[in-house]
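Asks: next input, structure requested:
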Amino acid sequence: MTDLFKLQAVDVRYGRVQALSGCTLRIQAGERLALVGSNGSGKSTLLRTLNGLVRPASGSLQHDTRARQAMLFQRPYMLRASVLRNVALGLWLAGVPWREAKAQALAALERVGLGHLATRNAKALSGGQQQRVALARAWALKPQVLLLDEPTASLDPAAKREVERLMAEFADAGMTLIFSSHNLGQVKRLAQRVIYLEQGWLMADLPTAAFFDGLVPAAAEAFLKGELA
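Replies: Residues are numbered from 1 along each chain as shown. Next up is the predicted model:
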């Protein structure tokens, strides 16, 4: 299998705050990888580092530059424009002619079940609908890697199920899925591999079944029980 990312002893700092410490990690094409840990453990920083939004202070990061990436944030940004324009703009910025970009955007919206809302102002949509628009915007760009930061954290149960369904379908189609989540049920349903982070340190890297079967450090056991380490 192909290594998409290879991190070796990566440190990331925000001023005096050490957000990642000595992170060593390899991620291969086609994996479904979940990042778990308490708030401030480094999950978002690791995602942003993989996406190139944050540069390591030390260590090395290698990535396959041929693999297109897209990243979804917990609260996706919507332009004060129609749903269709919100999706088409990314394609247009990528060099697709506007007429073709609108056609591809509409197809992407149909893919996530929102074609009927194409002319609606994106700012007026519910949180779950906005997250699906963001998924359509990402899918339209045909990425090989999809990074998601707590993609269902603020959604109601029905919206969570819909977003999870789309994530699973994208992964089944061959997309590499790397996501952070506090929802351990979601991790069990979607991930093949789990990374546990604590205060910027990578404490466990296990297949999902092994992670939930107790083959983890004591700190991770406390996290799984809902206790603070």
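Asks: residue 8 - that's part of a strand, no?
Replies: Yes. Using DSSP: H, G, I helix; E, B strand; the rest coil, the assignment for residue 8 is a strand.
Asks: show me the beta-bridge partners of it.
Replies: Counting by DSSP bridges, residue 8 is bridged to residue 60.
Asks: tell me the contacts of it?
Replies: Counting by Cβ atoms under 8 Å, 6 or more residues apart in numbering, residue 8 touches 24, 59, 60, 61. The way it works is simple: take the backbone N, C-alpha and C, and place the C-beta from them, glycine included.
Asks: what's the answer for residue 48, then?
Replies: By Cβ under 8 Å, 6+ apart, residue 48 lies in contact with 54, 71.
Asks: please apply the same query to residue 85.
Replies: Residues near residue 85 by Cβ under 8 Å, 6+ apart: 79, 105, 122.
Asks: want to try CSV for these, with secondary structure and distance to residue 186 as columns?
Replies: As requested, these are exported to CSV (DSSP: H, G, I helix; E, B strand; the rest coil; distance: Cβ to Cβ, whole Å):
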residue, secondary structure, distance to residue 186
79, coil, 28
105, helix, 28
122, helix, 25
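Asks: who wins for neighbours among those?
Replies: residue 105 (28 neighbours; other Cβ atoms under 10 Å).
Asks: that one and residue 93, how far apart?
Replies: Going from residue 105 to residue 93 by Cβ to Cβ, to the nearest Å gives 12 Å.
Asks: state which helix of this protein is the longest.
Replies: Longest helix in the chain by number of residues, with DSSP state H as the criterion: helix 157-172.
Asks: strand partners (parallel or antiparallel) of the helix or strand just after that one?
Replies: Toward the C-terminus, helix 157-172 is succeeded by strand 176-180 as the next helix or strand (DSSP states H and E). Applying DSSP bridges, strand 176-180 is found paired with strand 32-36 (parallel), strand 145-149 (parallel).
Asks: look up phi and psi at residue 90.
Replies: phi -60, psi -40 (degrees, to the nearest 10).
Asks: all good on my end, thank you.
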